[in-house]
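# fold the following.
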Amino acid sequence: MEGVSCYYLSYDDIVGHERVIQYFLDNNMISRTKTGRLYNISFKLDQQTSAGEYGTGFKAAIKLEDFIDLNTGKWLET
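Reported below is the predicted structural model:
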């Protein structure tokens, strides 16, 4: 099954991101590779972020690997 999930969180709302990711994990909404590794899904950002309106040093990308060890499925230390 494929789909898109839309939600709004502030970029720096780490607790919010963790809640959404945990929901995805609990409901098997993140696919795994044949070896059992989680796919490194991306979390898309708004047009202002993508357009660089927050400065050149701002990293406009959030990926699952920023929160979870893709091989073990365990949370990284924050």
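
# excluding its backbone neighbours, what's nearest Asn71?
In space, and not counting its chain neighbours, Asn71 is closest to Arg37: 5.4 Å by C-beta to C-beta, 6 or more residues apart in numbering. C-beta: built from backbone N, CA, C; applies to glycine.

# number of nearby residues for the one you found?
Using other C-beta atoms under 10 Å, Arg37 has 13 other residues around it.

# do the same with Ile21
If we define neighbours as other C-beta under 10 Å, then Ile21 has 19 of them.

# can you tell me the SS state at it?
Classification of Ile21 using DSSP: H, G, I helix; E, B strand; the rest coil returns helix.

# verify the stated contact: it with Asp66.
No: assessed by C-beta atoms under 8 Å, Ile21 is found out of contact with Asp66, at 9.8 Å.

# Lys44 and Gly73: what is the separation?
Distance of Lys44 to Gly73, given as C-beta to C-beta, to the nearest Å: 22 Å.
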